[in-house]
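J.: I would like to see how this sequence folds:
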Amino acid sequence: MNTSIYHISLLDLLWACIPVVIMIVIYIRWTHDKLTLFYALARMLIQLILIGYVLTYIFTSDSPYLVIVILSVMLVAASIISLRPMQKKDRSLYMKAFFSIFIGGMFTLVMVIFGVLELNPWYEPKFLIPLAGMIFANAMNAVSIAAERYESEVGRGSHYVEARATAYSASLIPLINALFAVGLVSLPGMMTGQILSGVDPLIAVRYQMMVMLMILGSAGISVAVYLVLLRKSSQE
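T.: Presented below is the predicted three-dimensional model:
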């Protein structure tokens with residue numbers, strides 16, 4: 001069994017661009033939006049190149065303070081991006097999004113690093129930062145869906161309880177679909193990466209179980225906190 005990681009050159013990456021080009025053509029023709037996808041792709045490329053250099057530095061450092069700064073930046077960015085689909089935005093909503101992702105994400109992250117993995121030291125960057133990224137990103141996406149759906153439901157005149165139920169259910173659809181599909185339709189990112197790097201599939205499966213549980217828990221808690229905060233603000 002070949003356990004080495006295949007080298008991907010920049011030229012080889014062009015093959016992965018072919019489906020994206022087709023998708024962009026369809027997107028522009030159907031939506032008449034000529035900027036969003038190009039802007040998103042450009043940001044993705046720049047951010048990944050920069051984070052590659054940043055992570056190289058962080059992984060060789062031994063500073064918990066640097067790790068805390070990185071986690072803080074990730075949380076702030078996640079809270080800002082989560083409200084991107086909203087029509088009406090104000091500072092209080094950003095604070096609610098930040099607090100929600102912080103509660104759901106950090107609680108789950110603490111359970112994983114101190115309970116599941118028992119990291120020593122706890123701030124081991126090569127483990128902590130990728131795990132935090134997965135947790136915060138999924139919580140961000142769930143809050144984003146919930147915020148947009150809740151705003152839509154309230155705009156249609158739905159009562160808070162009905163709007164909350166619809167928003168909460170909608171926010172978890174991608175994650176629940178992933179639970180049904182994992183192992184049958186898809187081999188998720190962490191599991192695939194470990195298998196490609198030569199890790200025993202049974203060990204990779206345990207890590208993937210951990211990932212699926214942590215992203216579901218963090219997303220569900222974050223959305224619940226966000227929706228509860230919306231109720232409190234509406235009663236003030």
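J.: List the residues that contact the residue nearest to V225 when sequence neighbours are not counted.
T.: Closest residue in space to V225, ignoring its immediate chain neighbours: S100 at 4.1 Å, by CB to CB, 6 or more residues apart in numbering. All C-beta spots, glycine's among them, are computed from the backbone N, C-alpha and C. Contact analysis of S100 by CB atoms under 8 Å, 6 or more residues apart in numbering lists A139, V143, S222, V223, V225, Y226, L229.
J.: Isn't the first one up against M106?
T.: What that stands for is A139. No - the pair A139 / M106 is not scored as a contact, 9.9 Å apart, by CB atoms under 8 Å.
J.: So the two - more neighbours on which side?
T.: Neighbours were tallied for A139 and for M106 using other CB atoms under 10 Å; the higher tally belongs to A139 (34 against 17).
J.: Mind picking out the helix or strand in this protein with the poorest mean pLDDT?
T.: Within the chain, no helix or strand scores below helix 189-196, which has a mean of 69 by mean pLDDT, DSSP states H and E.
J.: Let me know the distance separating Q194 from F180.
T.: Distance of Q194 to F180, computed by CB to CB, to the nearest Å: 22 Å.
J.: now D200
T.: 25 Å.
J.: again, but for F136
T.: According to CB to CB, F136 and F180 sit 24 Å apart.
J.: try K34
T.: Distance from K34 to F180, counting by CB to CB: 36 Å.
J.: now A147
T.: With CB to CB as the criterion, A147 and F180 are 25 Å apart.
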